[in-house]
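Chemist: how would this look folded up:
(chains A and B)
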Amino acid sequence: QQQVKQSPQSLIVQKGGISIINCAYENTAFDYFPWYQQFPGKGPALLIAIRPDVSEKKEGRFTISFNKSAKQFSLHIMDSQPGDSATYFCAARMQNTGNQFYFGTGTSLTVIP
Amino acid sequence: NAGVTQTPKFQVLKTGQSMTLQCAQDMNHNSMYWYRQDPGMGLRLIYYSASEGTTDKGEVPNGYNVSRLNKREFSLRLESAAPSQTSVYFCASSSGTSGNTIYFGEGSWLTVV
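Modeler: Numbering: from 1, shown residues only, chains lettered A, B, ... in the order given. This is a model prediction of the structure:
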């Protein structure tokens, strides 16, 4: 059973466009929601993260929107660049059960020039 | 600052052979994890160690064992490798405190033939 559901599986965006990746969860015990970026041959690296008491967090071109009542959160990449082409994972942490992190299935983003 | 270091980077095993993946972190983190990454499946938790001296099963523990040797080191052992264990394995660590995220190693590519 997938604890965190992520969509779409792949995404192609023109340079300068907006990339949007969505995630949904069911377990209300999750208390922290990070996004990771992974380039081929590398480990995932933290991109941006949000707590459930905040509805939006912005860092440069990257924004997380969080809807606690709908149990959904999304990553928006503004002014997408070819260098943003990577796989993106959403995740959710459950601190009260040993600090477990659950990951979505990933979105392969391609930004075309 | 090395962060999370895992070895080996690449390994080919024959079915039935055993091997151990080694992982060490230099961030004084309490929690350590082993994930496997397969196409379309995202990152799935194999085992984790919330703190030194404890280990717990994750989502896909069958066929694996772990040892939390000390606070720095967390190894993953395949006792009798199977082709279904062909995957990319990531070790990760986290401080375990509220709001802290998870840091990944570079990955170990394992092929079982």
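Chemist: State the distance from the residue lying closest to A:G104 once chain neighbours are set aside to B:S95.
Modeler: Leaving aside its sequence neighbours, A:G104 sits nearest to A:Q6 (CB to CB, 6 or more residues apart in numbering or on different chains; 2.9 Å). Glycine gets a C-beta too; all of them are placed from N, C-alpha and C. Separation of A:Q6 from B:S95 (CB to CB, to the nearest Å): 25 Å.
Chemist: Name the helix or strand for residue 66, please.
Modeler: Using chain A. Using DSSP states H and E, A:F66 sits in strand A:62-67.
Chemist: please go with chain B instead
Modeler: strand B:64-68.
Chemist: tell me the phi and psi of B:S49?
Modeler: For B:S49, the backbone dihedrals (degrees, to the nearest 10) come out as phi -130, psi 110.
Chemist: do the same with B:Q85
Modeler: Residue torsions, per degrees, to the nearest 10, at B:Q85 are phi -90, psi 0.
Chemist: Please report how far it lies from A:F101.
Modeler: 21 Å.
Chemist: now do A:I18
Modeler: Relative to A:F101, and taking CB to CB, A:I18 is found at 27 Å.
Chemist: more crowded one of those two?
Modeler: A:F101 (26 against 13; other CB atoms under 10 Å in any protein chain shown).
Chemist: okay, the more buried one: pLDDT?
Modeler: pLDDT, the model's per-residue confidence, is 88 for A:F101.
Chemist: Can you list the strands that the host helix or strand of it pairs with?
Modeler: Following DSSP H and E, one finds A:F101 within strand A:100-103. Using DSSP bridges, the strands paired with strand A:100-103 are strand A:86-94 (antiparallel).
Chemist: Kindly format the C-alpha coordinates of the strand holding B:V66 as PDB.
Modeler: What follows is strand B:64-68, C-alpha atoms only, in PDB (Å, rounded to 0.1, in the frame of the first residue of the first chain):
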ATOM      1  CA  TYR B  64      17.600  -8.800   4.100                       C
ATOM      2  CA  ASN B  65      19.200  -8.300   7.500                       C
ATOM      3  CA  VAL B  66      20.800  -5.300   9.000                       C
ATOM      4  CA  SER B  67      23.300  -4.400  11.700                       C
ATOM      5  CA  ARG B  68      23.600  -1.000  13.500                       C
END
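Chemist: Now that strand: average pLDDT?
Modeler: The model assigns strand B:64-68 a mean pLDDT of 97.
Chemist: List the strands paired with the following helix or strand past it, with their directions.
Modeler: For strand B:64-68, the following helix or strand on the C-terminal side (DSSP H and E) is strand B:74-78. When pairs are called by DSSP bridges, strand B:74-78 turns out to pair with strand B:19-25 (antiparallel), strand B:64-68 (antiparallel).
Chemist: Right, I'll call it a day here.
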